[in-house]
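Participant: Build me a model:
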Amino acid sequence: TILVNTVTVSNLTINEIFYASSCASSYYFYDQYVELYNASSDTLYLDNIILTRQLGTIDPDMETKDYVTALYAFQLHGTGTQWPIGPKQYVVVAADAVNHSLYCVNSPNLSIAEYECFNALGNDYDVRTAANFDNIIPGRTTDYLINLVHNAVVIATGEEYTIDENDYMHIPIYTVIDGVEYSADPSKAKELTVRVDAGFAGVGVTRYSGISVERREPGLDTNNSTFDFVNIYPVTPGYFHEQMSIAGWFR
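Facilitator: Now for the predicted structure:
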């Protein structure tokens with residue numbers, strides 16, 4: 001049986017993901033980030049939402065399951081109204097909220113990030129100017145790092161989840177706010193159910209290219225990232241990139 005319910009389109013969206021990184025010479029990939037956007041005219045609250053790296057494997061039964069599976073999961077603990085995101089506002093969740101251009105000249109300055117992911121179980125530096133999305137899978141000691149070519153990112157309300165014997169997190173689809181799967185190769189098999197994302201962002205984006213994926217228009221969300229996202233350069237943490245179309249290369 002295939003479950004046909006899809007994720008409800010939300011005013012809170014994943015607007016941009018920088019995963020490819022910039023420095024092949026030093027294999028530097030700590031400059032990754034996820035940007036969120038409030039498309040509504042009201043203030044929303046990020047309290048207790050979960051940011052994940054989805055398990056990057058092909059599950060032949062994923063369309064019959066009522067959950068998605070995360071490899072890493074980080075949560076922004078809050079009181080319920082502690083972490084506002086204003087109307088039409090962008091916020092950046094960095095893997096590490098530092099100026100990465102000091103270590104890789106082409107990397108973004110993420111010292112401007114409002115949030116960063118922090119894993120107290122690993123050797124992770126805590127930047128005090130950014131609020132923490134904290135690791136919530138006890139068996140994981142790694143910071144938030146996503147694959148440079150093919151992976152999926154999900155945000156969920158955080159109200160319900162389970163952790164299995166392999167330290168994989170199962171997140172009920174009804175709690176998923178938004179999800180984006182990206183792949184350099186559009187012929188690759190899907191790793192995230194089409195009920196969350198029916199397509200791929202990032203087609204053609206190679207590792208260490210310095211290219212990110214961003215929504216075609218802020219707030220545009222059809223649950224199909226092939227249509228919703230474009231590839232952009234340079235990256236734009238905290239603001240929207242005016243669309244470039246030089247020979248169609250950025251599309």
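Participant: can you pull the contacts of residue 102?
Facilitator: Applying Cβ atoms under 8 Å, 6 or more residues apart in numbering to residue 102 gives no contacts. The way it works is simple: take the backbone N, C-alpha and C, and place the C-beta from them, glycine included.
Participant: what's the neighbour count on residue 176?
Facilitator: 24 (other Cβ atoms under 10 Å).
Participant: Return the residues in contact with it.
Facilitator: Counting by Cβ under 8 Å, 6+ apart, residue 176 has contacts 7, 68, 154-156, 196.
Participant: Roughly how far does it sit from residue 161?
Facilitator: 11 Å (Cβ to Cβ, to the nearest Å).
Participant: Is residue 103 in contact with residue 28, as I believe?
Facilitator: Yes. With contacts counted by Cβ atoms under 8 Å, residue 103 reaches residue 28, the gap being 6.1 Å.
Participant: Show me where this protein has its helices.
Facilitator: For the chain, applying DSSP state H gives helices covering 225-228.
Participant: Point out where it drops to low pLDDT.
Facilitator: Low-confidence segments of the chain (pLDDT under 70): 1-5, 243-251.
Participant: try 90
Facilitator: Low-confidence segments of the chain, defined by pLDDT under 90: 1-10, 23-26, 123, 241-251.
Participant: before we move on, the earlier item: quick one: which of the contacts of residue 176 is nearest to residue 138?
Facilitator: Nearest to residue 138, judged by Cβ to Cβ, of the contacts of residue 176 is residue 156 at 18.3 Å.
Participant: Was I right to think the closest one contacts residue 177?
Facilitator: Yes. Shown here, residue 156 and residue 177 form a contact pair, counting by Cβ under 8 Å, at 5.9 Å.
Participant: intersection of neighbour lists for those two?
Facilitator: With Cβ under 8 Å, 6+ apart, residue 156 and residue 177 have common neighbours residue 49.
Participant: These two: who's more crowded?
Facilitator: Counting neighbours by other Cβ under 10 Å for residue 156 and for residue 177 shows that residue 156 has the greater number, 27 against 21.
Participant: Residue 133 and residue 74: what is the separation?
Facilitator: Between residue 133 and residue 74 the distance, using Cβ to Cβ, works out to 4 Å.
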